[in-house]
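Trainee: Next come a sequence and a model predicted from it.
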Amino acid sequence: MDATLLSVLALGLILGIKHAIEPDHVIAVSTIASQSKKLWQASLAGVFWGIGHTVTLFIVGIIVILMKGEIPEKWAMSLEFLVGIMLVFLGIKTIISFKNIHIHSHKHDDDVEEHKHVHSHINSGKHNHQHKHKKVTYLGSTVIGLVHGLAGSGAMILLTMSTVKSVGEAAVYILIFGLGTVIGMLFFTTIIGIPFVLSKKRKSISGSLGLFTGVISTVFGVYYMYNIGVNEGLFHLWI
């Protein structure tokens, strides 16, 4: 492996880190990180986003490069529009999840002191004291990464074809770029997760942060769709 290729791969790693911290990426994953109870869970949310992102970039990228084609503009912009829809969905889902959390006090038979518990009351005025804990799943982060990878595959293919000389080098370049996205998102989801983890015992603060995250994701998603649909001319292409 010559020095030129090494420098190209190093650049790919840096570009991958930079790519990970684009606003739509960070906002989307923050809705997952906001649900984390421990810091390592928030960190892993970023890792799985990077894995999903890399998988679609690699598969789509290599197929298109082998076929010596390109993704049609209409498809590329439609996938970008899908990102906006996903952001709105994640935002609304986050708002609902935090809005339905209520705190109340009760005393257990074997308790001397009164304890506060957090319960979710959805579609029911009744409550029993069976405390269920959500299993941490990273499928959501992976799916978000998959969608972002699809949306960014067109630009990635153009960048790769202009940077390397062979399909083998293209494969390595995309994987190194993907590693950069994993590193970048790992770093930023860890930072994002800190306030949620620190405030987990203060539910009013944690709830406010969660609602704020959901609102930001929703508003940004609507703006993103408007920008792609109107300013970038997607609606015109559809028509």
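Mentor: Looks like it came in fine. Quick caveat: nothing in here was measured; it's all calculated off a predicted structure.

Trainee: residues of the helix or strand hosting V197 that come out buried?
Mentor: Secondary structure assigned from DSSP states H and E places V197 in helix 167-198. Neighbour-count burial for helix 167-198 flags 169-186, 188-193, 196-197 (criterion: 16 or more other CB atoms under 10 Å). In short, each C-beta sits where N, CA and C put it, glycine included.

Trainee: can you tell me which residues contact G210?
Mentor: Listed by CB atoms under 8 Å, 6 or more residues apart in numbering, the contact partners of G210 are S34, Q35, T94, I95, S97, F98, F196.

Trainee: mind putting the residues you listed in CSV, secondary structure, distance to W75 and pLDDT included?
Mentor: Output for those, formatted as CSV (DSSP: H, G, I helix; E, B strand; the rest coil; distance: CB to CB, whole Å; pLDDT from 0 to 100):
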residue, secondary structure, distance to W75, pLDDT
S34, coil, 32, 85
Q35, coil, 32, 82
T94, helix, 29, 91
I95, helix, 31, 92
S97, helix, 33, 84
F98, helix, 35, 79
F196, helix, 36, 86
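
Trainee: closest to S208 among those?
Mentor: F98 (8.4 Å; CB to CB).

Trainee: roughly how far apart are the nearest residue to the closest one once chain neighbours are set aside and L90?
Mentor: Of all residues not flanking F98 in the chain, G210 sits nearest, at 3.6 Å (CB to CB, 6 or more residues apart in numbering). When distance is defined by CB to CB, to the nearest Å, G210 is 12 Å away from L90.

Trainee: for L150, same thing?
Mentor: 16 Å.

Trainee: What of I191?
Mentor: 19 Å.

Trainee: ditto for V164
Mentor: Taking CB to CB, one finds V164 at 34 Å from L90.

Trainee: ok, the two, which is more surrounded?
Mentor: Counted by other CB atoms under 10 Å, V164 and L90 do not tie: L90 has more neighbours, with 23 against 20.

Trainee: pLDDT value on the more buried one, please?
Mentor: Looking at L90, its pLDDT reads 94.

Trainee: Report the contact partners of it.
Mentor: Here L90 is in contact with A28, T31, I32, I144, G214, S217, G221 (criterion: CB under 8 Å, 6+ apart).

Trainee: Report the contact partners of the closest residue to K99 other than its chain neighbours.
Mentor: Closest residue in space to K99, ignoring its immediate chain neighbours: L211 at 6.8 Å, by CB to CB, 6+ apart. The neighbours of L211, taking CB under 8 Å, 6+ apart as the test, are T94, I95, F98, K99.

Trainee: List buried residues within these.
Mentor: Buried subset of the contacts of L211 (neighbour count, 16+ other CB under 10 Å): T94, I95, F98.

Trainee: Could you report the separation of the second one from L66?
Mentor: Taken as CB to CB, the spacing of I95 relative to L66 amounts to 43 Å.

Trainee: next one: the first one
Mentor: Counting by CB to CB, the gap between T94 and L66 amounts to 39 Å.

Trainee: Show me what the host helix or strand of L150 is packed against.
Mentor: L150 belongs to helix 139-161 when assigned by DSSP H and E. The helices and strands touching helix 139-161, judged by 3 or more CB pairs under 8 Å, 6 or more residues apart in numbering; DSSP states H and E, are helix 23-33, helix 39-66, helix 73-99, helix 167-198.

Trainee: mind listing what's buried in that helix?
Mentor: Neighbour-count burial for helix 139-161 [16+ other CB under 10 Å]: 140-142, 144-154, 156-157, 159-160.

Trainee: Give me the neighbour count for V219.
Mentor: 14.

Trainee: go on, H236?
Mentor: 9.

Trainee: With T4 instead?
Mentor: For T4, using other CB under 10 Å, the count is 9.

Trainee: Give me the distance between it and G168.
Mentor: 15 Å.
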